[in-house]
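Engineer: Please find the sequence and the predicted model below.
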Amino acid sequence: MLYLECYSGISGDMFAAAMISLGANREKLMNALDSLKLDAQIEIGLAEKCGIQATSFKVHEEEHKHHEDKDNKGHSHRNLKDVTDIILASSMTDRAKETALRIFRILAEAEGKVHGKPAEDVHFHEVGAVDSIIDICAAAICLDDLGITEAKITPIASGRGHVKCLHGLMPLPAPAVVEIAKEYALRLVPTDEDGETVTPTGAAIAAALYCGDTISGSYRILASGTGAGERDFPWANVLRAYSIEEGVKTDVAGGDAAKESGIIMLETNIDDCSSEALGFVAERLMKEGARDVFYVPAFMKKGRPAYLLKVVCETADREKMEDLIFKHTSTIGIRCVAVDRTALPRRIAFVDTPFGKARVKVVSRKGETFYYPEYEDVVSIALASGRSFDGVYEEIRWSATRNLHD
């Protein structure tokens, strides 16, 4: 699990720097960014913030191109289609392309709401700018390399005052940030410092990864990274990123499985929602921190076909889960049952395979260790190699069995 400390906010360059510091492969990153064919110089270095050494990621647009664009008002105002074409023509992996496009879609929809236009019709400097394209693509490339698809994110510090933009002075947090935070349930925390601490690009990256802001119990830090922000504040302007293993306590009998309390099951019968709506609800519930979400086919009175929605979550998340279910489905009642759950200790590990690195879930019980390849990695490798899903799955599992030692 990725855990982001956004006590100094978040921006695209801070996030890219933090991922590089966390261990993303720099050579892969630079090769993929070069394939975007944008006129810019990328500088990866070190910066000191209040005595803390952090990685910096800076994009310098080529001077001659900058003046040329300024004169003809061309590429500095790319729209979503322009950006999509640039990404699809690059050498980024399919998964990195998908992540980058998802982040841009979040950003475009937010800007569209601010300006009262469809996302596809927005011509806006913030998304079309070279540095924004590189920041977001760098984030997607690093996430792909590290095998990260979601993150727990602390409430994000938001500055106050105004910032100068293409249209004049804009209040902080920026309107696009407000739209993204509202739509994706990001939590913001005001600061007493004037200045922009969370950018629309940073907010869009956070929204694409966000799966809650609370870690269940203790955790162990497997790796850490620190990305530097551009400005200096009275506090360390850094974004800290951890790769963590959420803690599982050993039970009193000396086994390695833990009995978890504080877990509930929410359930409700639904017989008049579209399949698209049901899929959307499940996705939103998981993003908001549900442990599991699933549907069971059912028949109601008079033989009407229906679905039984079941949501496993923490007691503290009950109201949040119920709000989502009531808002996005037609149900008018939700049942709640307290449940116990036996959880085995697990962690995510990377294993070298004939296809490159792949993520594997490592699970233990009573001295035995089991390896379960991550679905997204199996799909990505199967599509790229032309091999069958089962064949790739077994190859990754066998590589883990031979090379990983718990």
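Structural biologist: Noted; the coordinates are in hand.
Engineer: what's the following helix or strand after the strand or helix carrying Leu222?
Structural biologist: Leu222 belongs to strand 219-228 when elements are defined using DSSP states H and E. Using DSSP H and E, the helix or strand that follows strand 219-228 in sequence is strand 238-246.
Engineer: Tell me the strands beside that following strand, with direction?
Structural biologist: strand 2-5 (antiparallel), strand 219-228 (antiparallel) (DSSP bridges).
Engineer: pLDDT of the first one, averaged?
Structural biologist: The average of the pLDDT scores along strand 2-5 is 94.
Engineer: One more: the longest one?
Structural biologist: The average of the pLDDT scores along strand 219-228 is 91.
Engineer: Mind listing what's buried along that strand?
Structural biologist: Across strand 219-228, burial judged by 16 or more other Cβ atoms under 10 Å covers Ser224, Gly225, Thr226, Gly227, Ala228. Any C-beta I mention is one placed from the backbone N, CA and C, and that applies to glycine too.
Engineer: low-scoring pLDDT stretches of the chain, where are they?
Structural biologist: For the chain, the stretches flagged by pLDDT under 70 are 62-76, 123-128, 166-167, 216-217, 246-261, 405-406.
Engineer: Check it for me, the residue farthest from its geometric middle.
Structural biologist: Most distant residue from the mean C-alpha position of the chain: Lys302, 43.7 Å away (Cα atoms, centre = their mean).
Engineer: Angles on the backbone of it, please.
Structural biologist: When read as degrees, to the nearest 10, the backbone of Lys302 gives phi 60, psi 20.
Engineer: related to what we said a few turns ago, out of the strands paired with strand 238-246, nearest to Val114?
Structural biologist: Among the strands paired with strand 238-246, strand 2-5 comes nearest to Val114, with 24.7 Å by Cβ to Cβ.
Engineer: Could you list the residues in contact with the closest one?
Structural biologist: Residues from elsewhere that reach strand 2-5 (Cβ atoms under 8 Å, 6 or more residues apart in numbering): 10, 18, 146, 148, 150-154, 206, 209, 215, 219, 239-244.
Engineer: and with 6 Å instead?
Structural biologist: Outside strand 2-5, the residues within contact range by Cβ atoms under 6 Å, 6 or more residues apart in numbering are Ile148, Ala151, Lys152, Ile153, Thr154, Arg240, Ala241, Tyr242, Ile244.
Engineer: who wins for neighbours among the residues you listed?
Structural biologist: Tallying neighbours with other Cβ atoms under 10 Å puts Ala241 at the head of these, with 27 neighbours.
Engineer: How about it: what's its closest non-neighbour residue?
Structural biologist: Once flanking residues are discounted, Ala241 sits nearest to Ala18: 4.2 Å by Cβ to Cβ, 6 or more residues apart in numbering.
Engineer: Can you tell me the SS state at the one you found?
Structural biologist: Put simply, Ala18 is helix when judged by DSSP: H, G, I helix; E, B strand; the rest coil.
Engineer: is it true that it touches Gly225?
Structural biologist: Yes. The criterion here is Cβ atoms under 6 Å, and Ala18 meets it with Gly225 at 4.7 Å.
Engineer: Which residues are in contact with each of those two?
Structural biologist: With Cβ under 6 Å, 6+ apart, Ala18 and Gly225 have common neighbours Ala241.
Engineer: that older thread, just flag the most distant two among the contacts of strand 2-5.
Structural biologist: So, the contacts of strand 2-5 by Cβ to Cβ: farthest apart are Ile148 and Thr154, at 16.4 Å.
Engineer: And stretch 92-99, what's buried?
Structural biologist: Quick answer for stretch 92-99 (16+ other Cβ under 10 Å): Met92, Thr93, Arg95, Ala96, Lys97, Glu98, Thr99.
Engineer: Next one: the third one from Lys361, what distance?
Structural biologist: To Lys361, Arg95 is 18 Å away according to Cβ to Cβ, to the nearest Å.
Engineer: what sits against Lys287?
Structural biologist: Contacts for Lys287 were tallied using Cβ under 6 Å, 6+ apart; they are Cys211.
Engineer: ok, 10 Å please
Structural biologist: By Cβ atoms under 10 Å, 6 or more residues apart in numbering, the residues touching Lys287 are Glu150, Tyr184, Ala185, Ala207, Leu209, Tyr210, Cys211, Gly212, Leu324.
Engineer: Quick one: these as CSV, columns for neighbour count and secondary structure too.
Structural biologist: Putting the contacts of Lys287 into CSV (neighbours: other Cβ atoms under 10 Å; DSSP: H, G, I helix; E, B strand; the rest coil) gives the following:
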residue, neighbour count, secondary structure
Glu150, 15, coil
Tyr184, 19, helix
Ala185, 16, coil
Ala207, 21, helix
Leu209, 22, helix
Tyr210, 21, strand
Cys211, 16, coil
Gly212, 19, coil
Leu324, 19, helix
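Engineer: Need those in JSON lines (columns: distance to Ile42).
Structural biologist: Output for these, formatted as JSON lines (distance: Cβ to Cβ, whole Å):
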{"residue": "Glu150", "distance to Ile42": "26"}
{"residue": "Tyr184", "distance to Ile42": "28"}
{"residue": "Ala185", "distance to Ile42": "33"}
{"residue": "Ala207", "distance to Ile42": "24"}
{"residue": "Leu209", "distance to Ile42": "22"}
{"residue": "Tyr210", "distance to Ile42": "27"}
{"residue": "Cys211", "distance to Ile42": "29"}
{"residue": "Gly212", "distance to Ile42": "32"}
{"residue": "Leu324", "distance to Ile42": "40"}
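Engineer: now for those residues, which pair is the farthest apart?
Structural biologist: Farthest pair in the contacts of Lys287 (Cβ to Cβ) is Leu209 and Leu324. Separation: 18.6 Å.
Engineer: returning to what we had before: which of the contacts of Lys287 sits closest to Ala139?
Structural biologist: Closest to Ala139 out of these is Leu209 (9.2 Å), distances taken as Cβ to Cβ.
Engineer: Name the nearest residue to that closest one, ignoring sequence neighbours.
Structural biologist: Ala151 (4.1 Å).
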